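Colleague: With the input below, show me the fold.
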Amino acid sequence: VPYVVGKDRIIFATKEDHETPSSAELIADDPDDPYEEKGLILPNGDINWNCSCLGGIASSPCGEQFKSAFSCFHYSTKEIKGSDCANQFRAMQECMQKYPELFPNDDENEETEKSSKDLEGAPMEASAAKE
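Modeller: Prediction:
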């Protein structure tokens, strides 16, 4: 009988449970499985939307906009790669702004102030090191 605590269900295993051989069967990996973790780009050159490297953005509320923008960039043949994808990236950015809890936007002013303080401090540290 399972024991429920909040959202968790606790099941106690008995000695007899552990003495019974497992009936689990292992399935051999299929090298042609397109969803197998193979990195961002599949061997055939397609984008692997299931790659954990994307952090789930492809299945987020802005997934379609992301896929459109990233596909455009990936398949772009322009001299400046992706320069023909501004509209797709703009649509993705507009979508992401609607979901700040999923896609936090760091305050750019804080970053600018931090960067300028770091730059101001750098010459003084360098001159102090010379002395």
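Colleague: Residue 87 versus residue 70, what's the distance?
Modeller: According to CB to CB, to the nearest Å, residue 70 stands 14 Å off from residue 87. Heads up, the C-betas are built off the backbone N, CA and C, glycines and all.
Colleague: cool, and residue 4?
Modeller: 51 Å.
Colleague: Between these two, point out the one with more neighbours.
Modeller: Taking other CB atoms under 10 Å, residue 4 and residue 87 do not tie; residue 87 has more neighbours (11 against 8).
Colleague: Would you list the phi and psi of that one?
Modeller: phi -60, psi -40 (degrees, to the nearest 10).
Colleague: what's the pLDDT at it?
Modeller: With respect to pLDDT, residue 87 scores 97.
Colleague: three-state assignment of the residue nearest to residue 49 when sequence neighbours are not counted?
Modeller: Setting aside the residues directly before and after it, residue 49 is nearest to residue 58 in space (CB to CB, 6 or more residues apart in numbering), at 4.4 Å. At residue 58, secondary structure determined by DSSP: H, G, I helix; E, B strand; the rest coil is helix.
Colleague: number of nearby residues for residue 58?
Modeller: There are 17 residues near residue 58, going by other CB under 10 Å.
Colleague: Surely it and residue 48 touch.
Modeller: No - counting by CB atoms under 8 Å, residue 58 stays clear of residue 48, with 9.4 Å between them.
Colleague: Any chance you could list residues touching both of these two?
Modeller: The contact sets of residue 58 and residue 48 do not overlap (CB atoms under 8 Å, 6 or more residues apart in numbering).
Colleague: secondary structure element for residue 66?
Modeller: Taking DSSP states H and E as the criterion, residue 66 maps to helix 63-75.
Colleague: Quick check: which helices or strands does that helix pack against?
Modeller: In terms of contacts (3 or more CB pairs under 8 Å, 6 or more residues apart in numbering; DSSP states H and E), helix 63-75 is packed against helix 86-97.
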